[in-house]
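*Asks:* Could you look at this predicted model? Sequence included:
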Amino acid sequence: MKVSLITVSYNSEKTIEDTIQSVISQDYQDIEYIIIDGASSDATKSIIDNYKTDISCFISEPDAGIYDAMNKGINASNGDLIGILNSDDVYSNSSVVSDMVNALGSSDAVYADLVYVDFNNLDKVKRVWKSGRFKKGAFYFGWMPPHPTFFVKKECYLNFGLYALNLRSAADYELMLRFIHKNNIKVSYLPEIIVKMRVGGVSNISLKNRILANREDKKAWKINNIRPKAFTFFLKPLRKLSQFRI
């Protein structure tokens, strides 16, 4: 099974090398690595150029945001299974891809756990996201898998669509809601931490953005013509409280 790994970047000179090294150190043999850059103006492109023999496809051009870049990567991919690793995240060890392929089994997608870490110290854990096994109806109770751990077969994108560009910060949530809850793809769970995610995600960095994310979560259900429960959008952020390390 060929695995396509996609990294999207924009002015990521401080972190992109860590991301690239965590990908090229994987022990799985059949990996296609794609980097989609949004025409960075810092040293990002020159850092990527240092690894051009390890990268299957590199595109640097203006885009309409992170989800547009992800869609470009998916369209450029040739793999059977697709994983997306952002330019400030890293895989936790060299066997992540092998472990995810093994855990996939006969499913359409597989996900795992992740940790949020200090921006400058990847060993300093700030938050642990253990998602647990999916149960039917879990999205009603605020559940979602960590997007950077979500590996899904390309045929799912072909059958059910790409990331919605009319959502600013919740397109990953909407896509997983659409794939798993609405279209009932079969998912497997690997109960291991596979990604270290630097603190400061687009939907987490301020109260203002949290409010925006909550509005977009509601929109994700609406555009799929699914009615949430009255408590769904209260439980989703509430689930995060137990993840923080004091």
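*Replies:* Received, thanks.

*Asks:* What are the boundaries of the strands in the protein?
*Replies:* 3-9, 31-37, 57-60, 81-84, 89-91, 109-117, 125-129, 151-153, 187-198 (DSSP state E).

*Asks:* Let me see the contact set for the residue nearest the centre of the chain.
*Replies:* Nearest residue to the geometric centre of the chain (CA atoms, centre = their mean): residue 148, 2.7 Å. Counting by CB atoms under 8 Å, 6 or more residues apart in numbering, residue 148 touches 84, 85, 86, 89, 114, 195, 197. Using the backbone N, CA and C atoms, a C-beta is placed for each residue, glycine as well.

*Asks:* what's across from the last one in the sheet?
*Replies:* Same thing as residue 197. Note on residue 197: beta-bridge partners residue 89, residue 116, judged by DSSP bridges.

*Asks:* Give me the distance between it and residue 41.
*Replies:* 24 Å (CB to CB, to the nearest Å).

*Asks:* With neighbour numbers in mind, choose between those two.
*Replies:* residue 197 (24 against 10; other CB atoms under 10 Å).

*Asks:* Report pLDDT for the more buried one.
*Replies:* pLDDT, residue 197: 97.

*Asks:* What are the contacting residues of the longest helix seen in the chain?
*Replies:* In the chain, taking DSSP state H as the definition, the longest helix is helix 207-223. Contact with helix 207-223 is made by 164, 166-170, 173-174, 177, 202-204, 227-228, 232-233, 236-237, as judged by CB under 8 Å, 6+ apart.

*Asks:* in it, what counts as buried?
*Replies:* 209, 212, 213, 214, 216, 217, 219, 220, 221 (16 or more other CB atoms under 10 Å).

*Asks:* Quick one: mean pLDDT over that helix.
*Replies:* Helix 207-223 comes out at a mean pLDDT of 81.

*Asks:* hang on, the earlier thing: if we take the contacts of residue 148, which one ends up nearest to residue 65?
*Replies:* residue 86 (12.7 Å; CB to CB).

*Asks:* So what's the residue count around the closest one?
*Replies:* With other CB under 10 Å as criterion, residue 86 counts 24.

*Asks:* Could you export the lowest-mean-pLDDT helix or strand in the chain as CSV, CA atoms only?
*Replies:* The helix or strand of the chain with the lowest confidence, counting by mean pLDDT, DSSP states H and E, is helix 232-238 at a mean of 79. The C-alpha trace of helix 232-238 is given here as CSV (Å, rounded to 0.1, in the frame of the first residue of the first chain):
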residue,chain,number,x,y,z
THR,A,232,-23.2,19.0,21.1
PHE,A,233,-21.5,22.4,20.9
PHE,A,234,-21.2,22.7,24.6
LEU,A,235,-19.6,19.3,25.0
LYS,A,236,-17.1,19.7,22.2
PRO,A,237,-14.9,22.3,23.9
LEU,A,238,-15.7,20.9,27.3
